[in-house]
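Chemist: Starting from these lines, generate the structure:
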Amino acid sequence: MADANKQSRPYISGRFILELDDSGSSSKAVGTLQAIEGGSFKSEVVEEKVGSEPLVMKYSGRPKFEDVTIQVGMAMAPRFWKWIKKSFNYEAERHNGALVALDFDNMERWRRTFYDALIKEVTFPTLDGAATEPAYMQVKFAVENIEEKKSFVKYQAEQEAPQEWNKQRLWLPSMFTFKVDGLSGDKVETVKIESFTIKQEVIEAPVGGILQVSKEPGRVDFPSLSVTILQRDADKWMKWWDDFVRAGNHQQSKQKNGHISFLTREAGNRGILTGNPLVTLDIYGMGILGVTPVKHDSKKAELQKVKIDLYCERMDLQPGTGTVG
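Modeler: Predicted coordinates:
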C-alpha cells in the first residue's frame, strides 16, 4: 500500500539516463544526461471542405515526433561516441533506445522509448581557458517513433557503468588543447575556441498508406572555427594567411589538419594537464580565413590576443581512454 501511495505522489526527477542498443542488441545505459528537451507527440490538422456545406470537417493527420535534444558530458560510453563518429563519417547508423527519468531514490519514474534515431546536430561548447563553470555538449537527434511508459522499478545503471558517474564530473571547458600539425608548436597556449555545431541533414520520406514517416540521412555540414591565441604566437598564422589568401595559394596541399583534445583534470609540472583525453576531435582540410586582433583597450591591463578564423572540410571523433568502458 505504501508503494502504491508513493507512486501516485508528485515527484522530482533528479537524474536522466540515455540508453542505446548496439547492432540489434537490447538497450543499455550509455551515460547520464544534464537536460532533455523535445520529443513531443504532435499532429497537424487536416481540413476537408465538402461541396456547398458551410461546415469544414477536421481531423488529425500523420503522427509527428519532435526532434530530441540532450545535454551530455564528455565521459559517455563508447557506444554513444561510436554513434556520433559514424554520423561524421557519412555512415549514419539508426539506433533504438530510451530516455529514462529517475527520482532521488533511483526509482525509474518514466521511460520514453525511441526508434530509428539519426544524429542531426552535435554542438560543442565554447572552450575557454578562463572558464570555471561546467559546460556540456548538446546533441539533437531525429526519431521515427516514440512511446512513453510509466514504471516504478529500481534502476541499476551503476552496475553497467560503475565509473561513469564520477568521470562525468571530470571535465571543465578550460581543460582542452588545440594543435595544428606543422604550425602550432606549443599546444597548451590556445586561449579560446568558440562554440561550433556539426549538422547532418535528415530528410523526411513519407510513403502512401503508412502513417509513420521514415527519415533518411543526408549531407554533413562541418562548421568554420574561431580560435583565439596570444598575439605573441600570431606570426606563423599571419604567414600562412599571406601565402594562402593574399598570394592565392589555396590549393589542398596548403591545407592543414588539427586536433582538439578534451582532457581530464590530471596535471603534471606547472599544472599542465597530462591525463588521457576523454575525447579527441580530429579536423581535416583546414584553411585560414582571417586573422583579427582582439580589441585593444589602454584602460585594461590584459594580454593581447588574436582571433583566427578557419574553415574545415571534415571532422572525425576519437573516444579516448578516459571514457567509460
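
Chemist: show me where the stretch 51-200 of the chain has strands.
Modeler: Using DSSP state E, counting those that start in this stretch, the strands of the stretch 51-200 of the chain run over residues 56-65, 68-72, 95-102, 108-124, 127-128, 137-142, 145-150, 176-180, 192-193, 196-205.

Chemist: Dump those into JSON lines; add mean neighbour count, mean pLDDT and distance to residue 41 as well.
Modeler: Yep, even glycine has a C-beta here, placed from its N, CA and C like the rest. Shown next, in JSON lines, are the strands of the stretch 51-200 of the chain (neighbours: other CB atoms under 10 Å; pLDDT from 0 to 100; distance: least, CB to CB, whole Å):
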{"stretch": "strand 56-65", "mean neighbour count": "12", "mean pLDDT": "83", "distance to residue 41": "7"}
{"stretch": "strand 68-72", "mean neighbour count": "20", "mean pLDDT": "93", "distance to residue 41": "12"}
{"stretch": "strand 95-102", "mean neighbour count": "22", "mean pLDDT": "91", "distance to residue 41": "14"}
{"stretch": "strand 108-124", "mean neighbour count": "20", "mean pLDDT": "92", "distance to residue 41": "10"}
{"stretch": "strand 127-128", "mean neighbour count": "22", "mean pLDDT": "92", "distance to residue 41": "36"}
{"stretch": "strand 137-142", "mean neighbour count": "21", "mean pLDDT": "95", "distance to residue 41": "15"}
{"stretch": "strand 145-150", "mean neighbour count": "13", "mean pLDDT": "85", "distance to residue 41": "7"}
{"stretch": "strand 176-180", "mean neighbour count": "22", "mean pLDDT": "90", "distance to residue 41": "39"}
{"stretch": "strand 192-193", "mean neighbour count": "21", "mean pLDDT": "94", "distance to residue 41": "37"}
{"stretch": "strand 196-205", "mean neighbour count": "15", "mean pLDDT": "92", "distance to residue 41": "17"}
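
Chemist: pretty sure residue 240 is in a strand, no?
Modeler: No - for residue 240, which was evaluated using DSSP: H, G, I helix; E, B strand; the rest coil, the result is helix, with no strand membership.

Chemist: low-confidence ranges in the stretch 151-300 of the chain?
Modeler: Counting by pLDDT under 70, the low-confidence segments of the stretch 151-300 of the chain come to 152, 156-170, 185-189, 266-274.

Chemist: before we move on, back to that, Throw the strands of the stretch 51-200 of the chain into JSON lines and include distance to residue 216, thanks.
Modeler: What follows is those, written out as JSON lines (distance: least, CB to CB, whole Å):
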{"stretch": "strand 56-65", "distance to residue 216": "16"}
{"stretch": "strand 68-72", "distance to residue 216": "18"}
{"stretch": "strand 95-102", "distance to residue 216": "15"}
{"stretch": "strand 108-124", "distance to residue 216": "8"}
{"stretch": "strand 127-128", "distance to residue 216": "33"}
{"stretch": "strand 137-142", "distance to residue 216": "10"}
{"stretch": "strand 145-150", "distance to residue 216": "15"}
{"stretch": "strand 176-180", "distance to residue 216": "34"}
{"stretch": "strand 192-193", "distance to residue 216": "32"}
{"stretch": "strand 196-205", "distance to residue 216": "5"}
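
Chemist: Select, out of those, the one closest to residue 258.
Modeler: In this view, the strands of the stretch 51-200 of the chain are compared for proximity to residue 258 by CB to CB, and strand 176-180 is the closest at 4.4 Å.

Chemist: For the closest one, name the packing helices and strands.
Modeler: Using 3 or more CB pairs under 8 Å, 6 or more residues apart in numbering; DSSP states H and E as the contact criterion, the elements in contact with strand 176-180 are strand 256-262.

Chemist: now residue 125, nearest residue through space, not along the chain?
Modeler: Setting aside the residues directly before and after it, residue 125 is nearest to residue 135 in space (CB to CB, 6 or more residues apart in numbering), at 3.7 Å.
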